[in-house]
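Peer 1: Sharing a model that was predicted from the sequence below.
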Amino acid sequence: MSNNHLLKYWEIILLLCCISFFSKAQSVVIDGLGDGTIDIKNGLFVYFDSTNATHPSQLPLDNFQPLSSLSKGVKYPLDSMNTWVLLQLDNHTQYDISSKFYAGSVKSLRVFIQNKNEEWVSKVNGFGVYKKNRAHLYEGIFPINTKANSYTKIAFQYNKSFTKKRLRFELLSNYQLASHPPLETKMPIEYALVNAFFFGILLFVIVFSLIQYFQVREVSYVYYSLYLFAMFLFYLMKFEVWYPEVSVFFSFFTPYLSHFDTPISILIYSSYTLFILNFLDIKKKSPKDYKIMNRIVIGFLIYIFVDKIFWMIGGFPLSRKMFFIARSVFLPLGLIYVVHLIYKNKSKLTIYILVGSIVLIFSSVYALYLTAVIRGKHQEIKEIWDFPLFYVILGVIGEIIFFSAGLGYKNRLEVENKNKAILKAMRSQMNPHFIFNGLNSIKQLIYEKNDRSAIRYLTRFSKLFRKVLTNSEKDLVTLDEEIKTCKVFLEIESLRFKGKFDYEIKVDEDLDLGMIDIPPMTIQPHLENAIWHGLLPKEKDCKLNIIIENKGKFVRCIIDDNGIGRAAASHFKKQTASKKESFGIKLSTERLRYNNIQLNIIDKKDDHGNPLGTQVVIIIPS
């Protein structure tokens, strides 16, 4: 046989093989679809159109080429042409077959469907299509009904760039679709309740945090509320996308959902960063770091604004590049810097932030893992524990618990610091008050030319002053030290007023005064008040008793006088030229309140309502 004849022979064989291949690939037989899935890859044909056709009737259907004939690894379409995909389903049975064509996750895809001897019918679906206009409630799914002994042609324009390997579509039965997460996953009632509970928690904590801000004026609560609000928007948007049967807010803006995602993500990051900066007082501890992070946050907010401008003017390629740079470079760097600040700021407050963030991160990672497992094995979601988002919800709730606990702890620290500052100011005011009274007494004795008594008074006064000065630097002193100070004070006052009153101090023998702590000068101001306003206006028989009793869970200190009573003392003060105010009593009362010590004042009266004096009762926790 000659070489020419041999070549002709092989050409005929090759042509027959091609005819055989084309006849095999021309259509997909769906007779055996049943409850499973049919591989339609060998039935896909593509056509690269340069005429900007918008309807299959405008295309030469005979010029479509099998997907398998395309070169591997090459990105299509070439030269910015439009790609059309064609698929034919053959039904050789005696009954109609319903199936679902899944085109993947697309923003908007218009599919043209033609049954035998019928016109092309167009249907649209995708995550950017309003739910009421979708071919199927779930994105990317197109119901197909192939009649008995007939065929159905499916054609659509595929606007994405692709390689031969990446162009994937699926044909599913109704049963397979229902058990093919996340294509069509019905939401169990218990999961709906969990989500309602989750969103309710978010809203409650947002409102509560705002109320806390208006009460304590701590800006951390504002940023925390903003952070939770951004989280609320993010998960509500995802919830409406994953479960199309739910329409709350974002479903009414479906074509623009892709433009919500980035701003909300940036808002979450920005509010989280601002919350951390203010919660950890970075501005005070590290002003330089605070300025850097503030500029990063401002940069992200500017990015959102610029990105939307590019979107409005049609600068999509540049917008995509900016998005890639922001997400892959600047956002991770910003998060790393936040972690650096948290690690750098070693305090108890940092523990709440670290634990809360770690809980959310681990739950999110597990949710991603679970999603990959479900998609990879096509597992059916039956229980609430199978939903990946359920674990994200648990993580967010855990983070809320730790962050809220951290805010409460910080608020407690600030209250304690404020109380210490108040007490310090009180002590600084009480010292001049006490010195003034002592010097006044010495002046009076000198004026009366009672030098001996003045020297004795000055000696005791200096001793008392040293005790008061020493104790004023302490937050707490023992009850024993306080009683000793009171004894010296009573000696001075008795000397000053020439023994006009008698006093007695009684302490339970089983009580160890050295084991009980109280704020300094807790009792002394009440002794002074009893002497000045209760006993001095009385002519004779003036008595003052201090009784310290052990009551088990608390110690009761009673300051009892048989003076003229508070009502008469108030009237007496109005009649005198010197309207001396009990400033020490006011300060002491405030100090007792801040230290959880109870104070009760009892007006003693006889059966006829006449005053018998005043009794001050101080309840000190053991």
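Peer 2: Noted; the coordinates are in hand. Bear in mind the structure is a predicted one, so any value in this text is a computation, not a measurement.

Peer 1: going forward, measure contacts between C-alpha atoms and count neighbours the same way
Peer 2: Will do.

Peer 1: Helices along the stretch 501-622 of the chain, start to end?
Peer 2: Assigned by DSSP state H, counting those that start in this stretch, the stretch 501-622 of the chain shows helices spanning 524-529, 566-575, 583-594.

Peer 1: Actually, the stretch 51-200 of the chain.
Peer 2: Counting by DSSP H, counting those that start in this stretch, residue ranges of the helices within the stretch 51-200 of the chain are 174-178, 189-216.

Peer 1: any chance of those helices in JSON lines, with mean neighbour count too?
Peer 2: Conversion of these to JSON lines gives the following (neighbours: other CA atoms under 10 Å):
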{"stretch": "helix 174-178", "mean neighbour count": "18"}
{"stretch": "helix 189-216", "mean neighbour count": "15"}
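
Peer 1: Mind telling me which of those helices the model trusts least?
Peer 2: When mean pLDDT is averaged over each of the helices of the stretch 51-200 of the chain, helix 174-178 scores lowest at a mean of 54.

Peer 1: which residues in the stretch 201-350 of the chain form helices?
Peer 2: If DSSP H, counting those that start in this stretch is used as the criterion, the helices of the stretch 201-350 of the chain fall at 219-242, 257-279, 282-285, 287-313, 316-325, 331-344, 348-377.

Peer 1: Those: which one's closest to Gly609?
Peer 2: Evaluated over these, closeness to Gly609 peaks at helix 219-242, with 54.3 Å, by CA to CA.

Peer 1: and the direction of that closest one versus that of helix 189-216, what angle?
Peer 2: On the basis of axes from the mean of the first three to the mean of the last three CA atoms, to 10 degrees, helix 219-242 is oriented at 160 degrees to helix 189-216.

Peer 1: Which positions in helix 219-242 come out as buried?
Peer 2: Judged by neighbour count using 16 or more other CA atoms under 10 Å, the buried positions of helix 219-242 are 219-237, 239-242.

Peer 1: any chance of the helices of the stretch 201-350 of the chain in CSV, with mean pLDDT and distance to Thr478 too?
Peer 2: As requested, the helices of the stretch 201-350 of the chain are exported to CSV (pLDDT from 0 to 100; distance: least, CA to CA, whole Å):
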stretch, mean pLDDT, distance to Thr478
helix 219-242, 89, 39
helix 257-279, 85, 36
helix 282-285, 86, 36
helix 287-313, 82, 42
helix 316-325, 67, 64
helix 331-344, 75, 39
helix 348-377, 80, 30
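
Peer 1: Tell me which of these lies nearest to Val121.
Peer 2: Nearest to Val121 among the helices of the stretch 201-350 of the chain is helix 219-242 (26.4 Å), distances taken as CA to CA.

Peer 1: quick check: mean pLDDT across the lengthiest helix in the chain?
Peer 2: Longest helix in the chain by number of residues, with DSSP state H as the criterion: helix 388-447. Per-residue pLDDT over helix 388-447 has a mean of 78.

Peer 1: quick revisit: can you put the helices of the stretch 201-350 of the chain in TSV and add distance to Leu202?
Peer 2: Formatted as TSV, the entries for these read as follows, by distance: least, CA to CA, whole Å:
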stretch	distance to Leu202
helix 219-242	6
helix 257-279	14
helix 282-285	26
helix 287-313	24
helix 316-325	28
helix 331-344	23
helix 348-377	15
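
Peer 1: So, low pLDDT: which residues of the stretch 451-600 of the chain?
Peer 2: Under the criterion pLDDT under 70, the flagged ranges of the stretch 451-600 of the chain are 573-588, 590.

Peer 1: need the strands for it, in chain order.
Peer 2: When secondary structure is read from DSSP state E, counting those that start in this stretch, the stretch 451-600 of the chain shows strands at 477-478, 501-507, 517-518, 542-550, 554-561, 598-605.

Peer 1: likewise the stretch 1-150 of the chain?
Peer 2: Ranges of strands within the stretch 1-150 of the chain are 28-29, 37-38, 45-49, 65-66, 82-91, 97-102, 109-115, 121-125, 141-146, 150-158, based on DSSP E, counting those that start in this stretch.

Peer 1: Dump those strands into CSV; add mean neighbour count, distance to Asn417 and mean pLDDT as well.
Peer 2: Conversion of the strands of the stretch 1-150 of the chain to CSV gives the following (neighbours: other CA atoms under 10 Å; distance: least, CA to CA, whole Å; pLDDT from 0 to 100):
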stretch, mean neighbour count, distance to Asn417, mean pLDDT
strand 28-29, 19, 77, 77
strand 37-38, 18, 68, 68
strand 45-49, 21, 74, 88
strand 65-66, 20, 77, 88
strand 82-91, 22, 70, 89
strand 97-102, 20, 63, 86
strand 109-115, 21, 62, 91
strand 121-125, 18, 60, 92
strand 141-146, 21, 62, 89
strand 150-158, 20, 66, 89
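
Peer 1: Quick one: the helices of the stretch 51-200 of the chain as JSON lines, columns for distance to Phe142 too.
Peer 2: Formatted as JSON lines, the entries for the helices of the stretch 51-200 of the chain read as follows, by distance: least, CA to CA, whole Å:
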{"stretch": "helix 174-178", "distance to Phe142": "11"}
{"stretch": "helix 189-216", "distance to Phe142": "26"}
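
Peer 1: before we move on, the earlier item: format the strands of the stretch 451-600 of the chain as a markdown table; extra columns: mean neighbour count.
Peer 2: Formatted as a markdown table, the entries for the strands of the stretch 451-600 of the chain read as follows, by neighbours: other CA under 10 Å:
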| stretch | mean neighbour count |
| --- | --- |
| strand 477-478 | 18 |
| strand 501-507 | 15 |
| strand 517-518 | 20 |
| strand 542-550 | 19 |
| strand 554-561 | 20 |
| strand 598-605 | 14 |
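
Peer 1: what's the closest of these to Leu203?
Peer 2: Each of the strands of the stretch 451-600 of the chain was checked against Leu203 via CA to CA, and the shortest separation belongs to strand 598-605, namely 38.9 Å.

Peer 1: How far away from the center of its chain is that closest one?
Peer 2: In this view, strand 598-605 has its centroid 48 Å away from the chain centroid, taken as CA atoms, centre = their mean, to the nearest Å.

Peer 1: Stretch 500-509 too?
Peer 2: The chain centroid and the centroid of stretch 500-509 are separated by 58 Å under CA atoms, centre = their mean.

Peer 1: Same check on stretch 99-108?
Peer 2: Offset of stretch 99-108 from its chain centre (CA atoms, centre = their mean): 36 Å.

Peer 1: That one: end-to-end distance?
Peer 2: Between the start and the finish of stretch 99-108 there is a gap of 20 Å, counting by CA to CA, to the nearest Å.

Peer 1: cool, and stretch 57-64?
Peer 2: OK, stretch 57-64 end separation, CA to CA: 13 Å.

Peer 1: residues making contact with that stretch?
Peer 2: Contacts to stretch 57-64, defined as CA atoms under 8 Å, 6 or more residues apart in numbering, come from residues 45-47, 53, 86.

Peer 1: hmm, back to that, out of the helices of the stretch 51-200 of the chain, which comes closest to Asp561?
Peer 2: Ranking the helices of the stretch 51-200 of the chain by their distance to Asp561 (criterion: CA to CA) puts helix 189-216 first, at 42.0 Å.

Peer 1: what angle separates that closest one from helix 388-447?
Peer 2: Between the axis of helix 189-216 and that of helix 388-447 there is an angle of 20 degrees, by the same axes, to 10 degrees.

Peer 1: Output the contacting helices and strands for helix 189-216.
Peer 2: Based on contacts counted as 3 or more CA pairs under 8 Å, 6 or more residues apart in numbering; DSSP states H and E, the elements that helix 189-216 packs against are helix 219-242, helix 388-447.

Peer 1: Which among those helices is found nearest to Lys467?
Peer 2: Using CA to CA as the criterion, the shortest distance between Lys467 and the helices and strands packed on helix 189-216 is 11.1 Å, found for helix 388-447.
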